[in-house]
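> Build the 3D model from these lines:
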Amino acid sequence: MEKLDIKELFKNTSKYKDQEITLQGWIKTVRDSKTFGFIELNDGSFFKNVQIVFNNTLSNFDEICKFTISSSITVTGKVVLTPDAKQPFEIQATSIELFNLCDQEYPLQKKRHSFEYLRTISHLRPRTNTFNAVFRVRSVVAFLIHRYFQENGYVYLNSPIITCADCEGSAEMFNLTKFNLNEPIPQKDGKTDFSQDLFGKQTFITGTGQLHGETFAHAFGKIYTFGPTLRTENSNTKTHANEFWMVEPEICFCDLEDLMDIEEDFLKYIVKNVLEMCPEELEFCDKFIQNSLIEKLQKVCNSTFTRLDHKEAIDILKKADREWEFKPEYGEDLAKEHEKYITEYFNGPVFVKNWPKDIKAFYMKQNADGKTVAAVDLEVPGAGEIMGGSQREENYEKIINRMKEINMDTEELNWYLDLRRYGSTIHSGFGLGFERLLMYITGMENIRDVIPFPRTPGNCDF
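Down below sits the predicted model:
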């Protein structure tokens with residue numbers, strides 16, 4: 001007798017027609033009458049449930065009728081095709097054995113729960129249809145990210161989590177120490193004496209793998225990092241978290257135009273393939289989370305991505321016949337309302353490039369005008385900014401001068417600056433917030449609902 005995963009049964013139903021098989025999983029629903037009953041069973045291998053039909057010829061029929069939602073069971077039965085029913089087959093049970101009877105106080109009964117409530121039971125929410133779909137999509141998209149870069153000749157770099165450099169110059173990094181914070185901290189000359197700490201100097205939990213990525217790109221040509229990122233922003237928006245995952249490729253012999261080509265190809269690849277690999281999950285998301293989600297994703301795959309300068313984007317916004325909550329200005333960032341308008345204006349994804357120097361990071365390529373840098377943000381309909389990248393400044397003197405302008409410590413980054421002295425190249429890279437991509441693909445509105453155990457201000461449960 002063959003033990004199967006439910007996914008295998010759905011994908012190759014005809015192969016098992018009239019055969020006796022064994023399934024193991026958890027009860028999603030159970031209902032009964034006097035002589036027969038139905039169980040919806042799921043084993044985690046597939047989004048859809050299998051219907052189990054049982055009747056009073058089973059010796060433990062009365063016991064089965066009392067099984068609770070989320071109890072774990074083993075079912076043996078015959079596969080019977082049901083082409084005229086909602087499901088193409090069912091299992092007519094010859095044996096149902098209980099492994100664990102779920103407690104009656106199980107908080108996920110058969111009713112609709114708010115996302116806010118489900119965050120309070122993050123250890124159980126993957127069992128709901130919504131989060132089962134979301135986290136299965138998360139797994140597939142992670143796989144596709146690796147597959148894209150591996151198929152295109154990139155080397156995967158595990159960049160360090162512990163660093164001594166404030167890589168972004170943003171002061172939004174977590175300090176790392178072994179000092180006992182319940183005891184007096186060692187002091188020297190009125191400051192913390194980090195020489196007595198584990199690494200002998202002040203250290204941080206990194207906010208990006210980019211700078212280390214550039215070092216490997218200058219050995220391998222093309223690399224990518226994909227891992228957790230932590231920042232201290234005290235932000236409670238729907239799109240910010242203190243722990244999230246970032247995808248960061250770095251490419252040598254690549255200018256800003258080349259980079260935009262790669263970003264467009266990458267996004268289309270991910271979206272096209274997740275549509276093919278997660279049809280059940282995305283159909284559910286389309287129906288219950290965001291109407292016309294699949295149409296939106298298909299449109300991205302077939303769109304031509306517009307490219308325009310930041311100044312051109314501001315020109316369009318200033319000419320728009322509408323009242324802005326945040327007035328668009330040439331030297332400033334784009335607000336969410338601006339991003340939304342720009343993508344609607346062009347009816348598709350838009351690259352906004354050549355940004356004001358003063359609002360971008362020190363490592364970005366300085367343009368000839370002295371006012372802008374070769375940076376680019378990709379804005380997509382319904383989500384706004386989804387990727388941010390730039391051509392990196394390859395000139396040693398220019399990057400040194402820029403760091404001094406903004407009072408950055410060049411000594412801590414001398415290893416990074418060496419790249420401009422030892423075989424520098426025209427090189428570029430981008431960063432993609434993994435969770436923001438997942439929000440876009442699933443239609444979920446809150447970053448807390450696309451990451452298993454969210455870490456946000458005031459929240460570090462589980």
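
> In a strand, residue 18, correct?
No. Counting by DSSP: H, G, I helix; E, B strand; the rest coil, residue 18 is not part of a strand but coil.

> shouldn't residue 94 be in contact with residue 52?
No. The pair residue 94 / residue 52 is not scored as a contact, 10.8 Å apart, by Cβ atoms under 8 Å. C-beta: built from backbone N, CA, C; applies to glycine.

> Comparing those two, which shows the higher neighbour count?
More neighbours surround residue 52 than the other of residue 94 and residue 52, with 23 against 14 (other Cβ atoms under 10 Å).

> from the middle of its chain, how far away would the host helix or strand of residue 261 be?
Using DSSP states H and E, the element containing residue 261 is helix 256-277. Offset of helix 256-277 from its chain centre (Cα atoms, centre = their mean, to the nearest Å): 15 Å.

> for stretch 330-350, same thing?
22 Å.

> Ramachandran coordinates for the residue of the chain most remote from its centre?
Using Cα atoms, centre = their mean, the residue of the chain lying farthest from its centre is residue 57. It sits 48.7 Å away. Dihedral pair for residue 57: phi -80, psi -20, per degrees, to the nearest 10.

> cool, residue 339 as well?
phi -60, psi -40.

> my guess is it meets residue 386, correct?
No. Counting by Cβ under 8 Å, residue 386 is not a contact partner of residue 339; they are 9.7 Å apart.

> Can you work out which residues contact both of the two?
Jointly contacting residue 339 and residue 386 under the rule Cβ atoms under 8 Å, 6 or more residues apart in numbering are residue 379.

> In contact with residue 127, which residues?
Residue 127 makes contact with 26, 70, 108 under the criterion Cβ under 8 Å, 6+ apart.

> can you pull the buried residues of the helix holding residue 261?
Neighbour-count burial for helix 256-277, counted by 16 or more other Cβ atoms under 10 Å, picks out 256, 259-260, 262-264, 266-275.

> Out of those residues, which is nearest to residue 84?
Checking the buried residues of helix 256-277 against residue 84 by Cβ to Cβ gives residue 275 as the nearest, at 28.7 Å.

> all strands of the stretch 201-350 of the chain, in order?
Along the stretch 201-350 of the chain, counting by DSSP state E, counting those that start in this stretch, strands occupy 203-205, 222-230, 243-252, 306-309, 350-356.

> Columns mean neighbour count on top of those strands, output as TSV?
Formatted as TSV, these follow (neighbours: other Cβ atoms under 10 Å):
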stretch	mean neighbour count
strand 203-205	19
strand 222-230	21
strand 243-252	23
strand 306-309	16
strand 350-356	23
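
> do you know which of those lies nearest residue 149?
The nearest among those, by Cβ to Cβ, is strand 222-230 at 4.7 Å.

> now what about that closest one, what contacts it?
Residues contacting strand 222-230 (Cβ under 8 Å, 6+ apart): 142, 145-146, 149, 152-159, 161, 173-174, 205-210, 212-213, 216-217, 242-252, 434, 455.

> Now do that strand against helix 256-277: the angle between them, please.
Angle of strand 222-230 versus helix 256-277, following axes from the mean of the first three to the mean of the last three Cα atoms, to 10 degrees, is 70 degrees.

> Keeping just the C-alphas, turn strand 222-230 into CSV.
The C-alpha trace of strand 222-230 is given here as CSV (Å, rounded to 0.1, in the frame of the first residue of the first chain):
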residue,chain,number,x,y,z
LYS,A,222,28.7,39.0,-11.1
ILE,A,223,27.5,38.1,-7.6
TYR,A,224,24.4,38.3,-5.5
THR,A,225,23.6,38.2,-1.8
PHE,A,226,20.2,37.1,-0.4
GLY,A,227,19.7,37.2,3.3
PRO,A,228,18.3,38.9,6.4
THR,A,229,18.9,42.6,6.9
LEU,A,230,18.3,44.5,10.1
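
> Relative to the whole chain's centre, how far out is it?
With Cα atoms, centre = their mean, you get 12 Å for strand 222-230.

> Quick check: phi and psi on residue 30?
phi -140, psi 130.

> so who does the residue farthest from the centre of the chain touch?
By Cβ under 8 Å, 6+ apart, residue 57 lies in contact with nothing.

> From residue 95, how far out is it?
Shown here: residue 57 relative to residue 95, a distance of 11 Å by Cβ to Cβ, to the nearest Å.

> likewise residue 416?
Taking Cβ to Cβ, one finds residue 416 at 64 Å from residue 95.
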